[in-house]
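K.L.:
Predicted model, plus sequence, below.
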Amino acid sequence: MKFIVFIFILITYSNLSAQNLTIYRSSRTVDETVERLVEIIKQKKLAYFETVEHDKVAKEYGVEIPPTRMILFEDPNLMIELVSCRQTTALDLPMKILVWEENEDVYIGFFDPKIMKKRFLLQECEDIITSMSRLKIRVVNEALRED
């Protein structure tokens, strides 16, 4: 019986976590998609930190994985407001957008900042978190636009 309850909890948690992952398909290559995202981030005068190239790190250790890049950035104003509201939310910062290739298709994905409400048991900070969510969606949608 305990095993069945454990499996139910595991499945429920997995389903709740997966629902917070937002995924878009890109018509560009991984490098082009990353370049476009970084360009949009900089145009919006957001703080761009770096792009972590997981595939290149793996290659250094002798493992081949498809192109997988993590873009780290933030809106300094939203970060200040959020961390002022609840300091532990800094654990989810900076914001991240993942770009990866899978079965010859390129995807952009990110966790919706709204999961922070559950993760940090927040009753406040709603407007800030909503603004962060909208910002990620705008950045990705602008990057996906065809010129």
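P.N.:
Ah, there it is.

K.L.:
List the buried residues in stretch 109-117.
P.N.:
Within stretch 109-117, the residues that count as buried by 16 or more other C-beta atoms under 10 Å are 110-111, 113, 115-117. The way it works is simple: take the backbone N, C-alpha and C, and place the C-beta from them, glycine included.

K.L.:
likewise stretch 66-84?
P.N.:
Residues of stretch 66-84 classed as buried: 67-75, 78-79, 81-82 (neighbour count, 16+ other C-beta under 10 Å).

K.L.:
quick one on the thing from earlier: determine which two of the buried residues of stretch 109-117 are furthest apart.
P.N.:
Farthest pair in the buried residues of stretch 109-117 (C-beta to C-beta) is Phe110 and Lys117. Separation: 16.1 Å.

K.L.:
Show me the shaky parts of the chain.
P.N.:
1-19 (pLDDT under 70).

K.L.:
Which positions are bridged to Thr51 in the beta structure?
P.N.:
On the basis of DSSP bridges, Thr51 is bridged to Ile71.

K.L.:
so it sits right up against Ile71, yeah?
P.N.:
Yes - if you go by C-beta atoms under 8 Å, Thr51 and Ile71 touch, sitting 5.1 Å apart.

K.L.:
Mind listing the shared neighbours of the two?
P.N.:
Residues touching both Thr51 and Ile71 (C-beta atoms under 8 Å, 6 or more residues apart in numbering): 34, 38.

K.L.:
Contacts only, for Glu124.
P.N.:
Glu124 sits in contact with 85-86, where contact means C-beta under 8 Å, 6+ apart.

K.L.:
can we see that at 6 Å?
P.N.:
Shown in contact with Glu124 (C-beta atoms under 6 Å, 6 or more residues apart in numbering): Cys85.
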